[in-house]
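Colleague: pasting the sequence and the predicted model now:
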Amino acid sequence: MIRFFLFIAYRAVQSILLVLSATFVIFLLVDASPQPPSIIAPQQQETQNDSLFGRYQDWLGDVLRDEFGTSFVSRRPVQELIEERSEATFELMSPALSLALLVGLPLGVLLGLVRHGFIDQLLRPLVVLPAALPVFWLGLMLVYHLSFKQDTFPVGGRCDLVLTGDACNADFDHLFLPVLSLSVPLIGAVALWFRRALIELDQLTVRNVFSTAFRFLMLTFAPLLAQLFSLVILVEMVFAWPGIGRLLAEAVIQRDTPVVVGVLVTATLWIIQTYLGFSLLYAIFSVLMNESPRAYLLTTQPHLQGVAEEQARERTSRPALSQLVANAFTTVSVIVLSGVVVTALAADVLTDKSPTQTDVASRFLEPGTDGHVLGTDSLGRDYFARVLVGGRNSLSIAARAALIASGIGVFVGLIGGLAFGVLNKPINFFINWGVLTIHTVVLLGLLMFFVLVEDADSQGELALVIGLVSWGNCVPVVRGWVREVRFGITEGKFRDDQNEFLTRTLSDLGRVAVFALGWNMAAALLLETSLSFLGMGVLPPDPSWGSLLADAPQAFRMGAHLLTPPGLILTVTVFALLMITERLRDTFDFLRPEAAEDTGFVPDAQVVEA
């Protein structure tokens, strides 16, 4: 019972600190904006404290009372706009999250039961593929094939009961495509996470499987909600859904600062409240089940990271057939990735056409017409050249961002792996802060950043910002590896053979570094293309895989060929990166759980004692 109260107290204090730190970052970004925040009422501005923390205190008092001010555009109270749009957003998020859990958990159980076997290696690509799909491209393809070509579902919008009354019997038709787009990436996330959670178990008993599922539902619901909020912005823009995600994106484009701040503060508070509430439920059920409450630490993008490490287990010999299948998928992934990179780098050699030269008379030409391999876009620009150069821009930004993120992630992972006792708590809090707020605060940071530097060279700054917000991707892997090495040293496992220790450490370090780089590369690529799709990434006339798809909805009827190339190449590239990192993860050599328990050491790349 004492552990129960300590757990609750720890979570409550942590939640308060999360609120303060997240809102302080938001305030700093708003305070640095060239536009006045306009959050504080005019009568309060005269008495406002001139110091930074004084201004933050005044600002925080207002936002916690839901006083976000008035929209610059609509001249309506921001809180009123948020309340109007929230219902539509939850109408999408609730079925999408339910579908992801109902499908993802059984898939994870199946892969966990046949772990490292032939079926596992054969089915894993089918789970990784949904995780690699850009949600905005998936939505566009569904709209094109099921709405424009077959007219099976509405193109977009929400069925409004107020306007249509009893005649609104097609509510599910309006929900089907956006919910499907939103849930597919989460299905891959849940399945991969649960598979790796089951791999950590010594015995796959029914009780252990249900216990792991229970911990997942209780302790990863809030991080999944944060992930879902970042995806719902894209889905609402694709399907013209009147939710708070679309409200946020439109407010950024219109430089409506009060609305941007109001939506992000509200979303952050929702996520942290959910985090605290489900932690309380978990602690109560743990006491009833006579277990010690433990907190599972989720990383920032579960559909890219998988969260739980295949730790606490030495490498075991696997059947030759399963290794053959795994090596085949890995080899194909390396070849595909190399081909994409080489093609992007050789863009100037592969085509002599300009990716920015316009020709209004040659708009929407079909592929192969007048020497245009992939046709032309809405301004008559050669689409093949734009895809090649767009890939070079996207890959360049993602590579630079991945190097920055990997450097920071490895550094934080080293500190986390070497931390003892009291030092472990600040590290855990720092990572938890990224888990629960990264998808809202980071988005604000990126968007407000481009308000400040809209006349600057955007690609370099974009890579820097994406790298600074993506470091959490590889922290659990590095942290688990460092703790394994630390345990080996303290237990004297390599006392008799220092050469073996050095060789193994350097070998594992190389695998961890490549894993972190590949994982961060995939995350940065998805983030950059998503921002470019929203018009907040690579600035025109320079192309990006994401910006190439931004004009696709206008070209459905006249140039449907514009949809497939950039989205397909982006998906294949991310898929290849994830398959390579999955293979690298399978080769990691970790401790046995028995050894960890004997010494009191828990190699917790994921599990943190409260």
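Modeller: That came in fine, so what should we check first?
Colleague: tell me how far the residue lying closest to Gly243 once chain neighbours are set aside lies from Leu225.
Modeller: Nearest in space to Gly243, with sequence neighbours left out and distances taken as Cβ to Cβ, 6 or more residues apart in numbering, is Thr89 at 3.5 Å. (Each C-beta comes from the backbone N, C-alpha and C, glycine too.) Relative to Leu225, Thr89 is positioned 11 Å away (Cβ to Cβ, to the nearest Å).
Colleague: again, but for Leu52
Modeller: 31 Å.
Colleague: between these two, point out the one with more neighbours.
Modeller: In this view Leu52 and Leu225 are compared by other Cβ atoms under 10 Å, and Leu225 has more residues nearby, 19 against 12.
Colleague: mind giving me the packing neighbours of the helix or strand the residue nearest to Gly243 falls within?
Modeller: Element membership for Thr89, per DSSP states H and E: helix 78-113. Other helices and strands packing on helix 78-113, by 3 or more Cβ pairs under 8 Å, 6 or more residues apart in numbering; DSSP states H and E, are helix 118-132, helix 171-199, helix 206-219, helix 221-238, helix 244-253, helix 257-288.
Colleague: so what secondary structure elements neighbour the second one?
Modeller: This points to helix 171-199. helix 78-113, helix 118-132, helix 135-143, helix 206-219, helix 221-238, helix 302-305.
Colleague: give me the angle between it and helix 135-143.
Modeller: 140 degrees (axes from the mean of the first three to the mean of the last three Cα atoms, to 10 degrees).
Colleague: which parts of helix 171-199 are buried?
Modeller: For helix 171-199, burial by neighbour count (16 or more other Cβ atoms under 10 Å) applies to 174-199.
Colleague: likewise for the last one?
Modeller: Buried positions in helix 257-288, judged by neighbour count with 16+ other Cβ under 10 Å: 257-272, 274-276, 278-280, 282-283, 286.
Colleague: do the same with stretch 245-256
Modeller: So for stretch 245-256, counting by 16+ other Cβ under 10 Å, buried means Gly245, Arg246, Leu247, Leu248, Ala249, Ala251, Val252, Arg255, Asp256.
Colleague: pLDDT and distance to Phe153 added to the residues you listed, as JSON lines?
Modeller: Shown next, in JSON lines, are those (pLDDT from 0 to 100; distance: Cβ to Cβ, whole Å):
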{"residue": "Gly245", "pLDDT": "87", "distance to Phe153": "20"}
{"residue": "Arg246", "pLDDT": "90", "distance to Phe153": "19"}
{"residue": "Leu247", "pLDDT": "90", "distance to Phe153": "24"}
{"residue": "Leu248", "pLDDT": "86", "distance to Phe153": "25"}
{"residue": "Ala249", "pLDDT": "83", "distance to Phe153": "23"}
{"residue": "Ala251", "pLDDT": "84", "distance to Phe153": "28"}
{"residue": "Val252", "pLDDT": "79", "distance to Phe153": "29"}
{"residue": "Arg255", "pLDDT": "77", "distance to Phe153": "34"}
{"residue": "Asp256", "pLDDT": "82", "distance to Phe153": "31"}
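Colleague: how about these, which pair is most distant?
Modeller: By the measure Cβ to Cβ, Gly245 and Arg255 form the most distant pair in those, at 17.9 Å.
Colleague: tell me the one of the buried residues of stretch 245-256 nearest Leu534?
Modeller: Scanning the buried residues of stretch 245-256 for proximity to Leu534, where the rule is Cβ to Cβ, the winner is Ala249, at 5.7 Å.
Colleague: contacts only, for the closest one.
Modeller: Contacts for Ala249 were tallied using Cβ atoms under 8 Å, 6 or more residues apart in numbering; they are Ile233, Glu236, Met237, Leu534.
Colleague: try it again at 10 Å.
Modeller: Ile233, Leu234, Glu236, Met237, Val260, Val263, Leu443, Leu447, Leu534, Gly535, Met536 (Cβ atoms under 10 Å, 6 or more residues apart in numbering).
Colleague: same thing with Ala516?
Modeller: The neighbours of Ala516, taking Cβ under 10 Å, 6+ apart as the test, are 402, 405-407, 409-410, 413, 471, 473-475, 477-478, 581, 584.
Colleague: same check on Leu138?
Modeller: Contacts of Leu138 (Cβ under 10 Å, 6+ apart): Pro130, Leu177, Leu180, Ser181, Leu182, Val184, Pro185, Leu234, Val235, Val238, Gly567, Thr571.
Colleague: quick check: the farthest pair among these?
Modeller: Leu177 and Thr571 (18.1 Å).
Colleague: can you report how many residues neighbour Phe53?
Modeller: When neighbours are defined as other Cβ under 10 Å, Phe53 has 10 of them.
Colleague: thinking again about what came up before, out of the helices and strands packed on helix 78-113, which gets nearest to Leu418?
Modeller: Among the helices and strands packed on helix 78-113, helix 171-199 comes nearest to Leu418, with 23.7 Å by Cβ to Cβ.
Colleague: relative orientation of the closest one and helix 206-219 in degrees?
Modeller: Angle of helix 171-199 versus helix 206-219, following the same axes, to 10 degrees, is 120 degrees.
Colleague: and the angle from helix 171-199 to helix 118-132?
Modeller: Put simply, helix 171-199 runs at 130 degrees to helix 118-132, going by the same axes, to 10 degrees.
Colleague: roughly how far does Val410 sit from Val512?
Modeller: Here the criterion is Cβ to Cβ. By it, Val410 lies 8 Å from Val512.
Colleague: I'm done for today, thanks for sticking with me.
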